[in-house]
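[1] Next comes the sequence, and after it the predicted model I'd like to discuss.
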Amino acid sequence: MTDAETETRIIEKAEYIDEAVSVLARKQSLDRETYHADREQRAVVEREFQTAIEACLDIAELLLTATGHDVPATNAETFARLGDCGILSTETAETMQDAAGFRNVLAHQYGHDIDDGQVHWHLQNDLDWFATFLREIRSELNLDD
């Protein structure tokens, strides 16, 4: 399905995602008020979310290209295509489409425009996005966790 170089790149991206999730998991101890009051903590959380989601997108694009599929124009469509191809479950594809939208908020809005409460909520509730995505990708590629 994929050549060795593509597989290596996917593994490297997966390792990056695992590292980002570790950073985010350490930030889960921040209560909402502390999170809101600490700009440096917010910057770390926002950046780790953004780059982890971007790494998921990179993996999606690598897999689509390797399997002869066109890469769609939007991030959300990219995850949807992985679902359409059977690489991701429908549920995970939909979840990752939501993640792509969240990434766009983080990437295209600035500090005072980002809803800290929303980011904190995702921090507390959505780190499993990444584990589920990676589990399905690793299964597709027959890689061990």
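    Here it is on my side, so go on.
[2] make it CA atoms for all contacts and neighbour counts henceforth
    Will do.
[3] Number of residues surrounding the closest residue to K13 other than its chain neighbours?
    In space, and not counting its chain neighbours, K13 is closest to A55: 5.7 Å by Cα to Cα, 6 or more residues apart in numbering. For A55, the neighbour count with other Cα atoms under 10 Å is 20.
[4] Return the residues in contact with A55.
    Applying Cα atoms under 8 Å, 6 or more residues apart in numbering to A55 gives the contacts K13, A14, Y16, I17.
[5] can you check D128 too?
    Contacts for D128 (Cα under 8 Å, 6+ apart) come out as none.
[6] give the contact list for the residue nearest the centre of the chain.
    Nearest residue to the geometric centre of the chain (Cα atoms, centre = their mean): I53, 2.6 Å. By Cα under 8 Å, 6+ apart, the contact set of I53 is A99, A100, R103.
[7] Can I get the helix or strand harbouring the first one in CSV, CA atoms only?
    This points to A99. Using DSSP states H and E, A99 sits in helix 90-108. Presented in CSV, the C-alpha positions along helix 90-108 are these (Å, rounded to 0.1, in the frame of the first residue of the first chain):
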residue,chain,number,x,y,z
THR,A,90,-16.9,7.1,9.5
GLU,A,91,-16.9,8.2,13.2
THR,A,92,-13.2,9.0,13.3
ALA,A,93,-13.3,10.8,9.9
GLU,A,94,-16.2,13.0,11.2
THR,A,95,-14.3,13.7,14.5
MET,A,96,-11.2,14.6,12.6
GLN,A,97,-13.2,16.9,10.4
ASP,A,98,-14.2,18.7,13.6
ALA,A,99,-10.6,18.8,14.6
ALA,A,100,-9.7,20.4,11.3
GLY,A,101,-12.2,23.1,12.0
PHE,A,102,-10.8,23.7,15.5
ARG,A,103,-7.3,23.9,13.9
ASN,A,104,-8.6,26.6,11.6
VAL,A,105,-9.9,28.6,14.5
LEU,A,106,-6.5,28.4,16.2
ALA,A,107,-4.5,29.1,13.0
HIS,A,108,-6.5,32.0,11.7
